[in-house]
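> I need the structure of the sequence given here:
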Amino acid sequence: MKRGFLSIVTVLVCAGISAQTSYDAANAIEQDLIGTARYVGMGGAMSAFGNDISTISTNPAGIGTYTTNEVNFTGSLNSNKTLMGETSMNANSISAYDWYSKNLSSGINASADVLSFVLFNRLPDGRALKSVNLGFSYRKTSNTNRNMTYYDQFSDADGYTVYRDLESYQVNRNRSYDLNVALNFNNKLYLGYTLGMLSTSYSATGYFYDYYPEQPGYSVATDYHSADMMTTQYGTGYNMSFGMIYRPLNAVRFGLAVKTPTWYGLNLDYADYLYAFEGELKDGAKFTQYTSYRFTSPWSVNASAGFTLGKTAVGLEYEHNFENTIMWMDKSGIYLSDQGSYDFNNYGTLRAGIEQNIGKWSLRAGYTRTTAMFANDSFKFVDDTDFNMNRMDFQSERHDGKRDITFGLGYCSAPVEGGQQFYIDAAFVNTLRNSIFTLNEYDDDPVLGYEDRTNRLLISVGCTF
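I've put the predicted structure just below:
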């Protein structure tokens, strides 16, 4: 019986030795549009304006624009739905192909997203250095719950019907703890530095089932593949950001920031229950394995501009990530391979936002777009170590860009610079995240597009004093 099978252990030219894949590492560096409700309401385009704790990482100089102390808390409600998008295939050995996917929702989840404070320290008059500010922020950079399904049936090269069933549930949590110091020179030039300490956790559970309902010589269905799979990745990292804001006119600001790679130390746990593989029945006993590795995310540069006309503020910015700065290392810090540089693109994020003040109220809207971090010809390389070869990686899925549309509303008890005030902000963000999915079973399996649609409602409360 001709399966037209592409082995789970894909035969490819080895680019180096590593104990993980680019797809594992991408879960640690993926970011959502999460921050204060004001920041999100403007699409994150606040790196030139500052005066919002969420700029502590995108442009650390933004903390230098504060003229008061501030405390802020932001929480959110979010829900996610995964559905199938566009599909393409080059079928050779399979025919009469039929596939479908359930549109699954994660339900509504509550989250504490941001807890932060800024300490303003005014210096004596007569100096060019007007203030030295300190900031701290805890924030979630990624907060994803995702259910994905895929089912198909088709005829193999010998005309026998094959059924396949895959389901996966994924949770991705990335967090950053940021410490900042920022300087204000003559209310014209602001400089800032942020040390970021990060934690990451990712888990995926699911199963894959491939079987024949009938075949010659057998009167019952025959399992070809059958496995339950569990993957967990967790670890910590740190990075640094340097930024400046120049204010040539009161209504015009320009920002520039550089962020170092995040140096991660990551642990990867894998387990499965294997019941059948390539038509051979297995014992279903639990198999486990563990590895650790080091990984650096790309260098990034952020350029921004902010313009104020009367009660209207408009922000624009672009952040670029350089894939050729990615490195892979073993747990001892020895450089391993350039597989990451082969798989990843240079990728960037464009942000635009507007805020209209009406007395004590503010209306906001924003838009962001992030290009694909993976190259079109990237692949999930698993033929390099015993760890990877022992994983039942039946599927490959790579991030393929995202966009956000945001709206916001704010109230401030005393909308003037300086002094004591209480504020409450709300924001709504609709996120569309694209991914490219395929099974690693046949050399002519279809390439599928999946869409994750996330709706998030954020509420921020804070005060200045």
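> low-scoring pLDDT stretches of this structure, where are they?
Scanning the chain with the threshold set as pLDDT under 70 gives 1-20, 85-97, 100, 103, 215-221, 330-342, 379, 381-385, 415-418.
> which residues in it form helices?
Counting by DSSP state H, the chain has helices at residues 22-29, 37-41, 55-58, 339-343, 386-389.
> so where do the strands sit in the stretch 1-150 of the chain?
In the stretch 1-150 of the chain, the strands defined using DSSP state E, counting those that start in this stretch lie at 70-88, 95-100, 104-119, 129-155.
> in JSON lines: those strands, plus distance to M244 and mean neighbour count.
Bear in mind the C-beta positions are built from the backbone N, C-alpha and C, glycine included. Written out in JSON lines, the entries for the strands of the stretch 1-150 of the chain read as follows (distance: least, CB to CB, whole Å; neighbours: other CB atoms under 10 Å):
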{"stretch": "strand 70-88", "distance to M244": "21", "mean neighbour count": "18"}
{"stretch": "strand 95-100", "distance to M244": "52", "mean neighbour count": "12"}
{"stretch": "strand 104-119", "distance to M244": "18", "mean neighbour count": "17"}
{"stretch": "strand 129-155", "distance to M244": "14", "mean neighbour count": "19"}
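> quick one: residues contacting G75.
A110, S111, A112, D113, L458, I459 (CB atoms under 8 Å, 6 or more residues apart in numbering).
> from P446, how far out is Y234?
Taking CB to CB, to the nearest Å as the criterion, Y234 is separated from P446 by 33 Å.
> what are the buried residues along stretch 411-431?
C412, P415, Q421, Y423, D425, A426, A427, F428, V429, T431 (16 or more other CB atoms under 10 Å).
> between those residues, which is closest to S101?
Minimum separation from S101 among these (CB to CB) is found for T431, which lies at 19.4 Å.
> what about the closest residue in space to the closest one that isn't next to it in sequence, neighbour count?
Taking CB to CB, 6 or more residues apart in numbering, and ignoring the residues beside it in sequence, T431 has T454 as its nearest neighbour in space, at 4.3 Å. When neighbours are counted by other CB atoms under 10 Å, T454 registers 23.
> thinking T454 is in contact with S76, fair?
No. Between T454 and S76 no contact is recorded; they are 10.6 Å apart, counting by CB atoms under 8 Å.
> now do the shared contacts for these two.
If you check T454 and S76 against CB under 8 Å, 6+ apart, no residue is contacted by both.
> ok, back up a step: tell me how far the residue nearest to T431 lies from N143.
Using CB to CB, which is the criterion applied here, T454 is 9 Å from N143.
> which residues are in contact with each of those two?
The overlap between the contact sets of T454 and N143 (CB under 8 Å, 6+ apart) consists of D32, N78.
> show me where the stretch 251-400 of the chain has strands.
With DSSP E, counting those that start in this stretch as the definition, the stretch 251-400 of the chain shows strands at residue ranges 252-259, 263-277, 280-281, 286-296, 299-309, 312-322, 327-329, 347-358, 361-370, 395-412.
> can the ones you listed go into a markdown table with extra columns for distance to S155?
Putting these into a markdown table (distance: least, CB to CB, whole Å) gives the following:
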| stretch | distance to S155 |
| --- | --- |
| strand 252-259 | 52 |
| strand 263-277 | 21 |
| strand 280-281 | 23 |
| strand 286-296 | 32 |
| strand 299-309 | 48 |
| strand 312-322 | 44 |
| strand 327-329 | 41 |
| strand 347-358 | 40 |
| strand 361-370 | 40 |
| strand 395-412 | 22 |
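> F117: which of those is closest?
Using CB to CB and comparing these, the one that lies nearest F117 is strand 395-412, at 17.9 Å.
> need the distance between the two termini of stretch 150-169.
End-to-end distance for stretch 150-169, by CA to CA, to the nearest Å: 12 Å.
> re the thing from before, more neighbours: which of Y234 and P446?
Under the neighbour definition other CB under 10 Å, Y234 and P446 were set side by side, and P446 has more, 19 against 15.
> do you know how far that one is from Q233?
P446 is 27 Å from Q233, where distance means CB to CB.
> quick one on the thing from earlier: quick one: which of the helices of the chain is nearest M240?
Counting by CB to CB, and looking across all of those, nearest comes helix 55-58 at 10.1 Å.
> identify the residues contacting the closest one?
39, 44, 46-47, 49, 62-63, 116, 135, 137, 176, 178, 180, 194, 196, 241, 243, 257, 259, 302, 304, 317, 319.
> wait, which of the strands of the stretch 251-400 of the chain is closest to F120?
Across those, the minimum distance to F120, taken as CB to CB, is reached by strand 395-412, at 17.3 Å.
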